[in-house]
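> Fold the following and give me the result.
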Amino acid sequence: MPGNSTPCGKGVRVAKARSVFFCNGCGFESPRWLGRCPQCEAWNSFDERPFSVPAKSARAATPSRNATLAPVPLREIDSAKIARVRTGLREFDGVLGGGIVPGSLTLIGGPPGAGKSTLLLQIAARLADLGPTVYVCGEESAAQVKLRAQRLNLDAPILVHAETNLRSVLEQLERLSPIALIIDSIQTVWLPEAEAYAGSVTQVRDCTQALMEYAKRTGCATFIVGHVTKDGAIAGPRLLEHLVDTVLYFEGETTGEYRILRAYKNRFGSIDEICVFAMHESGLDEVANPSELFLAGRDARPSGSCVVASIVGSRPVLIEVQALVGETSYGTPRRLANNLDQARLAMILAVLERRVGMHLGTHDVYASVAGGLRINEPAADLGIALAIASSFRNVPLPSDAAAFGELGLSGELRAVGASPRREAEARKLGYRTMFTPAQFTDIASAIGAALR
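This next block holds a predicted model:
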């Protein structure tokens with residue numbers, strides 16, 4: 001029948017071309033275009049991409065780990081296979097939880113110039129003495145990597161691969177069987193079967209997935225470098241941080257001498273661990289005692305300065321909290337916090353005004369943590385309150401004083417964890433006068449004793 005015929009022959013259907021829309025900020029997928037992303041709330045961030053299933057030949061290019069591995073009882077797993085590899089950088093190994101886990105996938109992010117490539121090249125030089133180590137440079141040429149190695153005085157048998165085609169890289173890795181792989185960076189590599197440009201949401205997601213499958217199947221410890229957006233977040237879909245095992249991030253100012261590397265995610269150790277580096281001509285050198293760094297330059301004891309015994313990850317660290325209180329020139333006073341929680345600062349100011357009687361409603365308040373380290377724990381509440389009170393009354397705190405404690409809305413001081421370790425670290429550095437919840441029950445009595 002003519003009505004049953006089709007242009008392509010009987011029983012043949014023509015597949016309709018389909019598209020899917022991706023958010024450039026977080027990777028959220030939608031079958032239609034949206035003006036605002038419902039996940040990250042970014043405006044005009046959706047791009048159209050053709051929807052297609054990768055060919056079987058492309059998927060077969062990399063052996064599937066499910067085809068070679070069978071379920072194994074937990075008690076029969078050889079513990080020697082998960083022995084950590086030490087890099088020789090004690091602080092960096094501590095951030096990872098004790099060393100590099102074979103088969104792990106680690107993401108290192110940070111702003112330009114923070115030292116990501118420098119740190120990974122130093123790590124590659126140390127691992128190259130243990131076995132084949134491949135450094136894939138997608139942003140630089142092999143000659144540029146050589147110049148950096150000469151500047152860092154590195155002479156190790158690192159295998160440098162200047163290639164952005166990840167499929168070609170994986171084929172070379174199957175032949176070399178390295179113990180460590182470094183991808184610099186994930187935004188520059190691409191897969192031929194993914195119909196998108198390098199650095200797009202699709203390519204970043206598929207490339208990370210391919211690297212994760214290779215790392216888990218072969219036991220190769222893999223490091224990938226991630227760019228950051230103008231907001232400071234790691235560029236690419238949020239799925240990128242979920243796929244990897246560990247997320248390390250350089251924070252703080254990149255114009256100074258020191259760099260702070262913090263663990264935001266770690267499947268093999270604790271989070272919020274930090275490692276402090278000093279940037280020199282010879283590369284990044286570890287700072288063994290961060291407390292002395294964050295307390296540097298405190299010879300003069302001005303008002304508005306208080307030393308806080310904080311816990312960063314698993315170690316006690318002494319930091320300096322600074323506050324500046326001045327009469328406002330506008331109708332609404334300003335409250336600015338640097339490396340502190342803005343909402344926490346507002347709560348402390350409300351408690352000081354209501355429970356202590358400080359009239360801060362007509363004053364601008366600025367609070368900051370010296371050294372570039374960001375503090376979020378409630379144990380810093382007492383130190384922040386003492387710094388604000390010291391600046392408001394223009395009376396300096398004792399030069400050998402340190403404080404820690406959580407502040408309640410009724411003005412009471414609450415105990416915090418690891419108090420003996422905090423106090424021991426403070427006394428080790430010469431701070432004999434302690435302001436803690438064990439000595440004072442409320443903020444009014446602590447301020448009265450500190451400023452008398």
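> Longest strand in this protein, please.
What stands out as the longest strand in the chain, according to DSSP state E, is strand 315-327.
> just the strands in the stretch 51-200 of the chain please.
105-109, 133-137, 159-161, 180-184 (DSSP state E, counting those that start in this stretch).
> Output these in CSV, with mean pLDDT appended to each entry.
Listed next are the strands of the stretch 51-200 of the chain as CSV, based on pLDDT from 0 to 100:
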stretch, mean pLDDT
strand 105-109, 93
strand 133-137, 96
strand 159-161, 95
strand 180-184, 95
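> do you know which of these lies nearest His242?
strand 105-109 (10.5 Å; CB to CB). (C-beta placed from N, C-alpha, C; glycine too.)
> Ok, which of the strands of the stretch 51-200 of the chain comes nearest Thr436?
strand 105-109 (36.4 Å).
> Okay, now the sheet partners of the closest one, with direction.
Strand 105-109 sits in its sheet next to strand 221-226 (parallel), strand 246-251 (parallel), going by DSSP bridges.
> Tell me which of these sits nearest to Thr433.
strand 246-251 (31.0 Å).
> hey, C-alpha coordinates of the closest one in PDB?
Only the C-alpha atoms of strand 246-251 are listed here, as PDB (Å, rounded to 0.1, in the frame of the first residue of the first chain):
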ATOM      1  CA  THR A 246      41.100  12.900  46.800                       C
ATOM      2  CA  VAL A 247      40.600  16.600  46.200                       C
ATOM      3  CA  LEU A 248      43.600  18.900  47.100                       C
ATOM      4  CA  TYR A 249      43.300  22.600  46.700                       C
ATOM      5  CA  PHE A 250      45.800  25.500  47.000                       C
ATOM      6  CA  GLU A 251      44.300  28.300  49.000                       C
END
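> which residues does Asp285 bridge with?
Ala278.
> do the same with Ala402
Val307, Met434.
> right, and it touches Pro316 too?
No. Applying CB atoms under 8 Å, one finds Ala402 not in contact with Pro316, separated by 10.7 Å.
> The two: which has the busier surroundings?
Per other CB atoms under 10 Å, whichever of Ala402 and Pro316 has more neighbours is Ala402, with 27 against 21.
> List the residues that contact that one.
For Ala402, the contact set (CB atoms under 8 Å, 6 or more residues apart in numbering) comprises Val307, Val308, Ala309, Leu318, Gly383, Ala426, Tyr431, Thr433, Met434, Phe435.
> circling back to that earlier point, which neighbours do Ala402 and Pro316 share?
What both Ala402 and Pro316 touch, as defined by CB under 8 Å, 6+ apart, is the set Ala309.
> Tell me how many other residues surround Val416.
21.
> now do the one 3 residues further on
Other residues lying near Ser419 total 18 when counted by other CB under 10 Å.
> Next, give phi and psi for it.
The phi/psi pair for Ser419 (degrees, to the nearest 10) reads phi -60, psi -40.
> For the protein, just list every one of the helices.
Secondary structure of the chain (DSSP state H): helices located at 56-59, 90-96, 116-127, 142-151, 166-176, 201-218, 239-243, 290-294, 342-351, 381-393, 419-428, 443-450.
> most tightly surrounded among those?
Most buried of the helices of the chain, by mean neighbour count (mean count of other CB atoms under 10 Å): helix 381-393, with a mean of 26.
> per-residue confidence at the nearest residue to Glu281 once chain neighbours are set aside?
Nearest residue to Glu281, sequence neighbours excluded (CB to CB, 6 or more residues apart in numbering): Arg151, at 7.1 Å. pLDDT recorded at Arg151 is 92.
> Adding distance to Arg84, write the helices of the chain out as JSON lines.
Output for these, formatted as JSON lines (distance: least, CB to CB, whole Å):
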{"stretch": "helix 56-59", "distance to Arg84": "32"}
{"stretch": "helix 90-96", "distance to Arg84": "8"}
{"stretch": "helix 116-127", "distance to Arg84": "12"}
{"stretch": "helix 142-151", "distance to Arg84": "26"}
{"stretch": "helix 166-176", "distance to Arg84": "22"}
{"stretch": "helix 201-218", "distance to Arg84": "15"}
{"stretch": "helix 239-243", "distance to Arg84": "21"}
{"stretch": "helix 290-294", "distance to Arg84": "23"}
{"stretch": "helix 342-351", "distance to Arg84": "36"}
{"stretch": "helix 381-393", "distance to Arg84": "36"}
{"stretch": "helix 419-428", "distance to Arg84": "25"}
{"stretch": "helix 443-450", "distance to Arg84": "44"}
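> Quick check: which of the strands paired with strand 105-109 is buried the most?
Of all the strands paired with strand 105-109, strand 221-226 has the most neighbours on average by mean count of other CB under 10 Å, namely a mean of 26.
> what about that one, distance to the chain center?
13 Å (CA atoms, centre = their mean, to the nearest Å).
> now stretch 72-91
Per CA atoms, centre = their mean, the centroid offset for stretch 72-91 relative to its chain is 24 Å.
> and the end-to-end length of that stretch?
35 Å (CA to CA, to the nearest Å).
> Could you do stretch 107-127 as well?
Using CA to CA, first and last residues of stretch 107-127 are 17 Å apart.
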